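Colleague: Here is a sequence with its predicted model. Questions after.
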Amino acid sequence: MHNKTLAELNLGLQAKKFSSVELTQFFLNRIDKHIQLNAYITVTPELALAQAKAADQRLAKGTSDLLTGIPIAQKDIFCTHGVVTTCGSKMLANFTAPYNATVVEKFNQSGAVMLGKLNMDEFAMGSSNETSYYGAVKNPWDINTVPGGSSGGSAAAVSARLAACATGTDTGGSIRQPAALCGITGLKPTYGRVSRYGMIAYASSLDQGGPMTRSAEDAAIMLQTMAGFDEKDSTSVNLPVPDYRADLNKSLVGLKIGLPKEFFGEGLNEDVAKTLALAIDEYRKLGAEIVDISMPNLKLAIPAYYVIAPAECSANLSRFDGVRYGYRCESPVDLTDLYTRSRGEGFGKEVKRRILMGTYALSTGYYDAYYLKAQKIRRLISEDFKTALASVDVIMGPVTPSTAFGIGEKMDDPIAMYLSDIYTIAINLAGVPAMSIPAGFVAGMPVGLQLIGDYFSEDRLLNIAHQYQQVTDWHNFIPTGFE
Ligand code: GLN
């Protein structure tokens, strides 16, 4: 049952081949069996089985939706009414949200079953899932390596079949990078396509939730539920949501693919580059035309991001002060002691590093030199995408410079860690949508191919990804031990 796609699960449920309760229990057993991956922070068996029972009733009545009765899991950054939401932090270890994130609400309305909350880097800051207060997540393809981050629990869970699909969020690569390292399909939608209401903020102008699935078709099904205008999120965009499955089978003859030379230079592992070249060849066979392009400002993405994201996070995380909710230190002597010790004890090292960097960049005297400058670079990067996407339909490139690295390998070297997002970060600065799709293996470890499109072209990206998945099998591979 765990190898069925969302569409297949839906058919099985409709045809009463199995019930949602059976399916849910099946996934709960798998989660138990593979607990060593540490993919979940919280498992909610009672809630899941209650939701499954309700889903079975809905299926019997014939009022079901595509996801009714299907067991999914939420990244622990989405607030869930009555279920603890930690955001991977000690700061929120005791936080039970009094409301649902819009995304969670939408899945509830569709009748999906929530198996639990997935592990992640603390406040989504990281590229390896090692900054989580709840411990590192292991990559199902090799448990000595990282699954990527920050949505590492989501990627590991989908790859190991511990959920039929999962949500993720992507501020600088956190859907695509772990999707690539765990061999699954991940889509970061256009900024504003999916509501951020109830999604704990890291860097508000960059954060975007999206689907993490096994295939592009599954991603289309999930995005259908997630996307749409939300009056509770002032940055959500009021545009109609297309039928994301309608054009999956459109031919790619004449598709123009741009390959930015900046994506294929120094720093990219040679074997990864060879694997990607084969994937591009597949597209050529599907009738696409390949064009070399240049995006000169891409190299400025990492420095600009590591000013903008920390600046926004320093403001967003100021609400965690030990007064209103979250962790509070023992016996504070006065208000300053309460603030400093609650924050000092509640946040981990990487989060503190970001708050310090961000506060510095925003301080009087440095604001112009760092923050303003970074915003100007952000504009230049957006212009690069605009220019490139005026001449090609889609940009392709790597997602990560190498396959998954070892647990512990980069923890003492933040710059090396930051560089693992070198191919994903510019996309968030521009706000365009992008996907990672499984494109092969190097020494048994998955490699992802990145597809980047114009604003609100998710349907086109899904079509481009789906066509590739019709002629390749990489997305169907299962890590050994999880068959
Ligand atoms: N690794 C990047 C960071 O730590 C991106 C994380 C994300 O997309 N949430 O900021």
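Modeller: Now that the structure is in, tell me what you want to look at. All figures in this text were calculated on a predicted structure; none of them were measured in a lab. Numbers count the residues shown, from 1 in each chain.

Colleague: Show me where this structure has its strands.
Modeller: Remark: strands assigned in the chain by DSSP state E are 40-43, 71-75, 113-118, 166-169, 185-188, 209-213, 256-260, 289-293, 394-398, 434-442, 445-452.

Colleague: In TSV, list those strands along with distance to the ligand, mean neighbour count and mean pLDDT.
Modeller: In this view, the C-beta of every residue, glycine as well, is placed from N, C-alpha and C. Formatted as TSV, the strands of the chain follow (distance: least, C-beta to the nearest ligand atom, whole Å; neighbours: other C-beta atoms under 10 Å; pLDDT from 0 to 100):
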stretch	distance to the ligand	mean neighbour count	mean pLDDT
strand 40-43	16	21	98
strand 71-75	10	30	98
strand 113-118	14	27	98
strand 166-169	6	29	98
strand 185-188	9	33	98
strand 209-213	11	32	98
strand 256-260	20	19	98
strand 289-293	25	14	98
strand 394-398	16	24	98
strand 434-442	12	26	98
strand 445-452	14	27	98
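
Colleague: Make CSV from the ones you listed and add distance to Leu356 to it.
Modeller: Converted to CSV, those look like this (distance: least, C-beta to C-beta, whole Å):
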stretch, distance to Leu356
strand 40-43, 26
strand 71-75, 26
strand 113-118, 28
strand 166-169, 23
strand 185-188, 27
strand 209-213, 27
strand 256-260, 33
strand 289-293, 38
strand 394-398, 31
strand 434-442, 30
strand 445-452, 31
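
Colleague: Quick one: closest of the ones you listed to Ala54.
Modeller: Smallest distance to Ala54 across the strands of the chain (C-beta to C-beta): 8.9 Å, for strand 113-118.

Colleague: What pairs with that closest one, parallel or antiparallel?
Modeller: Counting by DSSP bridges, the strands paired with strand 113-118 are strand 40-43 (antiparallel), strand 71-75 (parallel).

Colleague: tell me the phi and psi of the residue nearest to Phe477 when sequence neighbours are not counted?
Modeller: Nearest residue to Phe477, sequence neighbours excluded (C-beta to C-beta, 6 or more residues apart in numbering): Gly183, at 6.3 Å. Main-chain torsions, Gly183, degrees, to the nearest 10: phi 70, psi 40.

Colleague: ok, now how distant is Gly183 from Lys352?
Modeller: Note on Gly183: its distance to Lys352, by C-beta to C-beta, to the nearest Å, is 33 Å.

Colleague: More neighbours: which of these two?
Modeller: A direct count of neighbours by other C-beta atoms under 10 Å for Gly183 and Lys352 places Gly183 higher, at 31 against 14.

Colleague: any idea of the pLDDT on the residue sitting nearest the centre point of the chain?
Modeller: By C-alpha atoms, centre = their mean, the chain has its centre lying nearest to Ile175, at 2.2 Å. Predicted confidence (pLDDT) for Ile175: 98.

Colleague: likewise the one 3 residues further on?
Modeller: Per-residue pLDDT puts Pro178 at 98.

Colleague: That one reaches Gly148, doesn't it?
Modeller: Yes: when contacts are counted by C-beta atoms under 8 Å, Pro178 is listed as touching Gly148 (3.2 Å).
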